[in-house]
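**Student:** Task: produce atomic coordinates for the following.
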Amino acid sequence: MILTDAEVAVAAALAGAEVVVRDYGADHVRFVKSATDFATDTDLEAEAAILRVMTRHRPADSCTGEETGGSGSGQARRRWLIDPLCGTVNFAATTPLVAVNVALLQDGTVSAAACADPIGGEVFWTDGSAAYRRADGRDRPLAPSAVSGLIEINCDGPLDRPFVGGQLVHDPQVRGAYGPRVISSTLGVAWVAAGRRAVYVSDGTFRENLHFAAGIAIAEAGGCTISDLAGNPLNTGRGLIVSADAATHHAVLALVEPHLEAVIKAG
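**Tutor:** This next block holds a predicted model:
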């Protein structure tokens with residue numbers, strides 16, 4: 001059976017999600033990456049399950065996985081970016097806010113992607129032209145909306161210098177305009193496209209970022225407004241803002257601006 005790229009992305013994400021669900025709430029072997037970050041045996045097994053799907057359906061493509069690194073030709077036009085368990089710390093603490101991300105990078109552009117929520121039993125996906133939510137065997141188009149009034153802020157950042165996320169959570173103007181949330185998983189990016197968050201904000205860099213590639217592609221195909229923290233095209237400068245609509249995006253840029261200036265000045 002020949003699958004489309006989007007179908008492969010969904011199948012791979014669901015294969016990883018099946019492993020995550022199987023192990024959710026169990027004891028885990030941890031592999032320390034830093035003082036605050038680690039992988040588990042589930043991360044490794046979920047990535048292996050995803051790679052088996054790739055071997056079966058796209059053997060000529062290359063892959064880059066968070067845990068096992070690159071496979072296939074480094075010069076391949078088609079490369080799959082794999083994040084087998086985004087929110088590992090949540091997962092290990094039996095907190096149901098995790099994602100399995102798979103994205104196809106083709107000539108520098110993500111052309112198909114899937115972001116599975118293993119615990120919620122749904123998957124968000126795109127074929128590059130539209131975005132959908134699959135649950136209970138049905139696909140429904142995603143519809144961004146700012147009605148929730150919630151802003152998702154990524155507070156994972158460097159320890160040796162300021163970054164925007166932490167400052168935004170502390171800002172009373174931000175808290176007066178939106179309800180800040182910190183779920184510590186890229187699931188929040190897809191939630192903007194699904195209308196569950198008005199905005200997602202993160203500092204950092206995002207070019208070919210295997211954690212964020214799927215969510216960003218889904219949000220873009222779903223009609224969200226996306227830029228860097230200064231309002232320029234993504235990857236022009238630092239950071240990421242994904243908003244449900246242009247008006248919300250404009251309002252959030254104004255809130256972010258003084259914090260961006262402050263962290264740039266601080267170096």
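
**Student:** where exactly do the helices run in this structure?
**Tutor:** 5-23, 41-57, 88-92, 164-170, 172-177, 187-193, 213-221, 246-266 (DSSP state H).

**Student:** Quick check: which of those helices is buried the most?
**Tutor:** Compared across the helices of the chain, helix 187-193 shows the largest average neighbour count, a mean of 31 (mean count of other Cβ atoms under 10 Å). Quick note: C-beta positions are derived from backbone N, CA and C, even for glycine.

**Student:** gap between residue 21 and residue 42?
**Tutor:** 10 Å (Cβ to Cβ, to the nearest Å).

**Student:** show me the contacts for residue 16.
**Tutor:** Listed by Cβ atoms under 8 Å, 6 or more residues apart in numbering, the contact set of residue 16 reads 46-47, 49-50, 82, 84-85, 100, 102, 116, 118.

**Student:** Show me the two of those that sit farthest apart.
**Tutor:** Greatest spacing in these, by Cβ to Cβ: 82 and 118 (14.8 Å).

**Student:** any chance of the contacts of residue 16 in CSV, plus distance to residue 25 and pLDDT?
**Tutor:** As requested, these are exported to CSV (distance: Cβ to Cβ, whole Å; pLDDT from 0 to 100):
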residue, distance to residue 25, pLDDT
46, 15, 98
47, 20, 97
49, 19, 98
50, 21, 98
82, 24, 98
84, 18, 97
85, 14, 97
100, 17, 98
102, 24, 98
116, 18, 98
118, 12, 98
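
**Student:** May I see these arranged in a markdown table, with distance to residue 251 as well?
**Tutor:** Output for those, formatted as a markdown table (distance: Cβ to Cβ, whole Å):
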| residue | distance to residue 251 |
| --- | --- |
| 46 | 38 |
| 47 | 39 |
| 49 | 41 |
| 50 | 38 |
| 82 | 35 |
| 84 | 35 |
| 85 | 33 |
| 100 | 32 |
| 102 | 32 |
| 116 | 31 |
| 118 | 33 |
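
**Student:** Kindly indicate which of those residues lies nearest residue 14.
**Tutor:** For the contacts of residue 16, the nearest to residue 14 is residue 116 (5.8 Å; Cβ to Cβ).

**Student:** what is that closest one paired to in the beta sheet?
**Tutor:** For residue 116, the beta-bridge partners are residue 100, residue 123 (DSSP bridges).

**Student:** wouldn't residue 20 be in contact with residue 91 here?
**Tutor:** Yes - the pair residue 20 / residue 91 is scored as a contact, 6.8 Å apart, by Cβ atoms under 8 Å.

**Student:** any common contacting residues for those two?
**Tutor:** Counting by Cβ under 8 Å, 6+ apart, the residues touching both residue 20 and residue 91 are 42, 85, 98.

**Student:** and of the residues you listed, the nearest to residue 61?
**Tutor:** residue 85 (21.4 Å).

**Student:** Give me the number of neighbouring residues for that closest one.
**Tutor:** Residue 85 has 29 neighbouring residues, counting by other Cβ atoms under 10 Å.

**Student:** Distance-wise, check it relative to residue 63.
**Tutor:** 16 Å.

**Student:** Could you do residue 203 as well?
**Tutor:** 27 Å.

**Student:** on that earlier part again, pipe the helices of the chain into CSV and attach distance to residue 76 per row.
**Tutor:** Converted to CSV, the helices of the chain look like this (distance: least, Cβ to Cβ, whole Å):
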stretch, distance to residue 76
helix 5-23, 14
helix 41-57, 12
helix 88-92, 28
helix 164-170, 34
helix 172-177, 42
helix 187-193, 26
helix 213-221, 16
helix 246-266, 35
